[in-house]
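Visitor: This is the structure alone, sequence omitted:
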């Protein structure tokens, strides 16, 4: 079976490994985890985790139990934390698969405790403390309740106290200091365990945010963790699409659905076999470019489900059906494509579709 | 293995079948195909095709060869057309898998012909004629060349002449008449074969657009083919997410990344385990609602990768972690969600992520 007309998504695991090492170095003496939720930000959780495990990564984070269970095939021994926590009644499934749910409220801690009692053994507890995100985690009064009544941790072994930053990618945002202070205040009340606050951007806030463990996700995949400065991370993803057809249109002729784009001169239009069903967002209409041998060609007309059309009139070099254009890669990264589409690079990566041929550089057997 | 914290995507194949029958009835005496590209608009090409085959559908359309090859497991005998056409050198792969590529230019027809010659047998030819979309297909002068030199079809059996409407969902758009006229003019020059122009919306333009075969996609899946009028199609998709946690925030407190949404009153915030990695677009931030037992709850704060937060202060009924909310379904369809997110229902459907539990109603064994 050949790899036909869809695009090729090349994922550079060497670059992901280099990014992880850079973050790990920066976070020292704290440990450095890897967040591989949403299928490793769309790039393949199994392949990424296998490589980072070989690099020395000893902690993995996902969102859902199902993601953790799948990851267990690749990461048989190391801690895997499922950030979205346990739903009532599913606690036992986490234990069965040796997955640690982030316990996000007192009720979840009680249920985890009850399970420990039923099993007749201590269970490791990962507790998520909300310090200002107001999305998941114990609030300050719940932390106080936990600290004041030691029996609330009976049967549990505190394993990880974690929190999550809301504004780490915003330089000098006051909430970054507030969240750190609240986290320290919570830790001061609680028994000792590994402590973790920083996401990718948090690592760059400084060592006061590093605690014992940092949890980068986005930066591993090449997203800029310091949007106000040059991106210190290596580029990870290259997406190419194939040119299916090149045709000529006269001045005044419309291209694509709604005939919204009109040629202002006799034009050569190249049709590429990637569309919004492949995650090339509709919002990129006439706001993006693709690159042919390094030369930018504007996207014209609406993005179709399976196709885009680009103005190839200026293509200096001969272009033929079957030739590839770069949709995402060294010339136009996920951050830039996100910005052009009115969103962020994270959404670009996680929406990359299933129809691409996935090619890995630097995969570990 | 339990179905944990991600959402449930319920796909009503009975509704898809009813939609197909409605379109087929409307198109009579023309035949009615089914377009199942992009994994059946995100809903499962195999399941949809299996059911529609049982309903009497005799033609299937996809975009890519790979999609066609996978569909062959479900549709062993009937024609499957790959709209994105053959890339140079891959013609033989189409024959191997009994897939018909849409031949989009004279060069592709020549290559198909050359293959027929090598194989020593006639090959069916599906030819895509561009009548105004300017995306894929033979232009008027190529059609003329094909008509005037009969040897260009030597070794080929004309099987389907097709074209595609650019503006069928725009009421009274002049291009609809122009495209039909250009298609008729092309057909008049060419040998007899099945002729097909109408997509979902084209079916509602009237019988003059029906020719021998209509090719609905979107309308099968519940998208309104007549945006200026009430949707004649049945609703197909219901997406529910689970409430992971409910917490209280005081007036003036921010929720989510960037702390952009600030509570204007003491509020109850429910966190739901679905995010933009699941296709709940970031652009829906504070522009959408979810439904809890039929009651709308506004989405507040930024959409996270794996989570959304909703204002549940007004939830009249008791809400508990584990309860479900409707993100997409009878109360808020794909068209409406698309409009709220600045896009169309098609993009909502095709971006629905892989982490949901998929549940089919009316599946055929």
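Guide: It's in. It should be emphasised that the depicted structure is a prediction, and the values quoted were computed from it without experimental measurement.

Visitor: Dihedrals phi and psi, the residue in the stretch 151-300 of chain A that chain B sits nearest to?
Guide: When scored by C-beta to the nearest C-beta, the stretch 151-300 of chain A has residue A:277 as its residue closest to chain B, at 3.6 Å. Glycine gets a C-beta too; all of them are placed from N, C-alpha and C. With angles defined as degrees, to the nearest 10, residue A:277 sits at phi -70, psi -20.

Visitor: Quick check, pLDDT for it.
Guide: You'll see residue A:277 listed with a pLDDT of 97.

Visitor: That one reaches residue A:308, doesn't it?
Guide: No. In this structure, residue A:277 is not within contact of residue A:308 by C-beta atoms under 8 Å, at 11.4 Å.

Visitor: circling back to that earlier point, let me see the contact set for the residue of the stretch 151-300 of chain A closest to chain B.
Guide: For residue A:277, the contact set (C-beta atoms under 8 Å, 6 or more residues apart in numbering or on different chains) comprises A:305, A:306, A:353, A:355, B:37, B:38, B:39, B:41, B:42, B:350, B:351.

Visitor: How about residue A:242?
Guide: The contact partners of residue A:242, by C-beta under 8 Å, 6+ apart, come to A:5, A:6, A:7, A:272, A:273, A:321, A:322, A:323, A:324, B:87.

Visitor: 10 Å - rerun?
Guide: Going by C-beta atoms under 10 Å, 6 or more residues apart in numbering or on different chains, residue A:242 touches A:3-8, A:271-274, A:321-325, B:84, B:87.

Visitor: These, buried ones only, as a PyMOL selection?
Guide: Burial among those is assessed by 16 or more other C-beta atoms under 10 Å in any protein chain shown; the matching PyMOL selection reads:
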select buried, (chain A and resi 3+4+5+6+7+271+272+273+274+321+323+324+325) or (chain B and resi 84+87)
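
Visitor: Sitting in strands, which of the contacts of residue A:242 do you find?
Guide: A:8, A:271, A:272, A:324, A:325 (DSSP state E).

Visitor: What confidence value was assigned to the residue lying closest to residue A:82 once chain neighbours are set aside?
Guide: Distance criterion C-beta to C-beta, 6 or more residues apart in numbering or on different chains; nearest residue to residue A:82, sequence neighbours excluded, is residue A:68 at 4.7 Å. In the predicted model, residue A:68 carries a pLDDT score of 97.

Visitor: what sits against residue A:68?
Guide: For residue A:68, the contacting residues are A:36-37, A:45, A:60-62, A:75, A:80-83, A:93-94, A:97-101, B:4, by C-beta under 10 Å, 6+ apart.

Visitor: Ok, residue A:142 next?
Guide: Residues in contact with residue A:142 (C-beta under 10 Å, 6+ apart) are A:104, A:105, A:106, A:107, A:109, A:127, A:129, A:130, A:152, A:186, B:247.

Visitor: Test my guess that residue A:261 contacts residue A:299.
Guide: Yes. Here residue A:261 reaches residue A:299: they are 9.3 Å apart, a contact under C-beta atoms under 10 Å.

Visitor: Give me the common contacts of the two.
Guide: Counting by C-beta under 10 Å, 6+ apart, the residues touching both residue A:261 and residue A:299 are A:285, A:286, A:309, A:311.

Visitor: Select from these the one having the most neighbours.
Guide: Counting neighbours by other C-beta atoms under 10 Å in any protein chain shown, residue A:309 leads these with 26 neighbours.

Visitor: follow-up on the earlier one: kindly reformat the contacts of residue A:142 as a markdown table containing secondary structure.
Guide: A markdown table is the format used below for the contacts of residue A:142 (DSSP: H, G, I helix; E, B strand; the rest coil):
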| residue | secondary structure |
| --- | --- |
| A:104 | coil |
| A:105 | coil |
| A:106 | helix |
| A:107 | helix |
| A:109 | helix |
| A:127 | strand |
| A:129 | strand |
| A:130 | coil |
| A:152 | helix |
| A:186 | helix |
| B:247 | strand |
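
Visitor: Can you lay out those as JSON lines showing pLDDT, distance to residue A:179 and neighbour count?
Guide: JSON lines is the format used below for the contacts of residue A:142 (pLDDT from 0 to 100; distance: C-beta to C-beta, whole Å; neighbours: other C-beta atoms under 10 Å in any protein chain shown):
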{"residue": "A:104", "pLDDT": "97", "distance to residue A:179": "16", "neighbour count": "27"}
{"residue": "A:105", "pLDDT": "96", "distance to residue A:179": "18", "neighbour count": "22"}
{"residue": "A:106", "pLDDT": "97", "distance to residue A:179": "20", "neighbour count": "18"}
{"residue": "A:107", "pLDDT": "96", "distance to residue A:179": "23", "neighbour count": "14"}
{"residue": "A:109", "pLDDT": "98", "distance to residue A:179": "21", "neighbour count": "20"}
{"residue": "A:127", "pLDDT": "98", "distance to residue A:179": "16", "neighbour count": "28"}
{"residue": "A:129", "pLDDT": "98", "distance to residue A:179": "10", "neighbour count": "26"}
{"residue": "A:130", "pLDDT": "98", "distance to residue A:179": "9", "neighbour count": "26"}
{"residue": "A:152", "pLDDT": "97", "distance to residue A:179": "23", "neighbour count": "16"}
{"residue": "A:186", "pLDDT": "98", "distance to residue A:179": "10", "neighbour count": "24"}
{"residue": "B:247", "pLDDT": "92", "distance to residue A:179": "16", "neighbour count": "22"}
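
Visitor: how about the helices in chain A?
Guide: A:13-27, A:37-41, A:45-55, A:65-71, A:91-96, A:106-119, A:140-148, A:174-189, A:200-203, A:334-340, A:345-350 (DSSP state H).

Visitor: quick one: average pLDDT of the first one?
Guide: When pLDDT is averaged over helix A:13-27, the result is 98.

Visitor: Over to the third one?
Guide: For helix A:45-55, mean pLDDT is 98.

Visitor: Please find the angle between the direction vectors of it and helix A:13-27.
Guide: Orientation check (axes from the mean of the first three to the mean of the last three C-alpha atoms, to 10 degrees): helix A:45-55 against helix A:13-27 gives 50 degrees.

Visitor: Which secondary structure elements does helix A:45-55 sit against?
Guide: Packing contacts for helix A:45-55, counted by 3 or more C-beta pairs under 10 Å, 6 or more residues apart in numbering or on different chains; DSSP states H and E, involve strand A:8-12, helix A:13-27, strand A:34-35, helix A:37-41, strand A:60-62, helix A:65-71, strand A:357-361.

Visitor: what packs against the second one?
Guide: Translated: helix A:13-27. strand A:31-32, strand A:34-35, helix A:45-55, helix A:200-203, strand A:213-214, strand A:357-361.

Visitor: Quickly compare those and say which is most buried.
Guide: strand A:34-35 (a mean of 26; mean count of other C-beta atoms under 10 Å in any protein chain shown).

Visitor: Just the buried residues of stretch A:11-20, please?
Guide: Buried-residue list, stretch A:11-20, by 16+ other C-beta under 10 Å: A:11, A:12, A:13, A:15, A:16, A:17, A:18, A:19, A:20.

Visitor: correct me, but the third one touches residue A:52?
Guide: Yes. Applying C-beta under 10 Å as the test, residue A:13 and residue A:52 come out as touching, 8.6 Å apart.

Visitor: what's the overlap in contacts for these two?
Guide: Both residue A:13 and residue A:52 are in contact with residue A:364, where contact means C-beta under 10 Å, 6+ apart.
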